[in-house]
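In: Structure for this input, please:
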Amino acid sequence: LSRSADLAEDYRITSDNVLHLVLKLSDLNLITVRTTCGQEIEFLVDRYRNVISLKHHIFQEGKGFPSQRA
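Out: This next block holds a predicted model:
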């Protein structure tokens, strides 16, 4: 999504869907996640960390965001 500047909603991902990320971390140092409510989180990623650690950081940082569910 980030290489083509597309939004998740362009792929019909809504608040009720789960987005699965496939990342190649060998050449990635900074990840920016933009939530559906417009907030952004930036992560500095050690290239030797795994995806589980990234998911944990996203979960921890996202705890304060408002829920989009009605």
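In: For the rest of this, base every contact and every neighbour count on C-alpha atoms.
Out: Will do.
In: Low-confidence regions, the protein specifically.
Out: Scanning the chain for pLDDT under 70 picks out 1-28, 62-70.
In: so what's Asn29 up against?
Out: Leu44, Val45, Asp46, Arg47 (Cα atoms under 8 Å, 6 or more residues apart in numbering).
In: In helices only, show me those residues.
Out: Among those, DSSP state H puts none in helices.
In: For PyMOL, write the selection for the buried entries among those.
Out: Filtering those down to the buried ones (16 or more other Cα atoms under 10 Å) takes a single PyMOL command:
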select buried, resi 45
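In: which of the contacts of Asn29 sit farthest apart?
Out: Leu44 and Arg47 (9.3 Å; Cα to Cα).
In: what are the phi and psi values for Phe59?
Out: Dihedral pair for Phe59: phi -60, psi -50, per degrees, to the nearest 10.
In: okay, now it: neighbour count?
Out: Here the number of neighbours of Phe59 (other Cα atoms under 10 Å) works out to 11.
In: distance of it from Val51?
Out: Between Phe59 and Val51 the distance is 12 Å, computed by Cα to Cα, to the nearest Å.
In: do the same with Thr32
Out: For Thr32, the distance to Val51 - Cα to Cα - is 15 Å.
In: Same drill for those two, tell me which one is more crowded.
Out: Val51 (15 against 11).
In: gap between that one and Gly38?
Out: 23 Å.
In: neighbouring contacts of the strand or helix carrying Thr32?
Out: Using DSSP states H and E, Thr32 falls within strand 30-34. The contact list for strand 30-34 (Cα under 8 Å, 6+ apart) reads Glu40, Ile41, Glu42, Phe43, Leu44, Val45.
In: what about Asn50, how many neighbours?
Out: As a measure of burial, Asn50 has 13 neighbours, counting by other Cα under 10 Å.
In: ok, now Thr36?
Out: What Thr36 shows, counting by other Cα under 10 Å, is a neighbour count of 16.
In: buried set for the host helix or strand of Ser53?
Out: If you go by DSSP H and E, Ser53 is part of helix 51-61. For helix 51-61, a neighbour-count test (16+ other Cα under 10 Å) marks Leu54 as buried.
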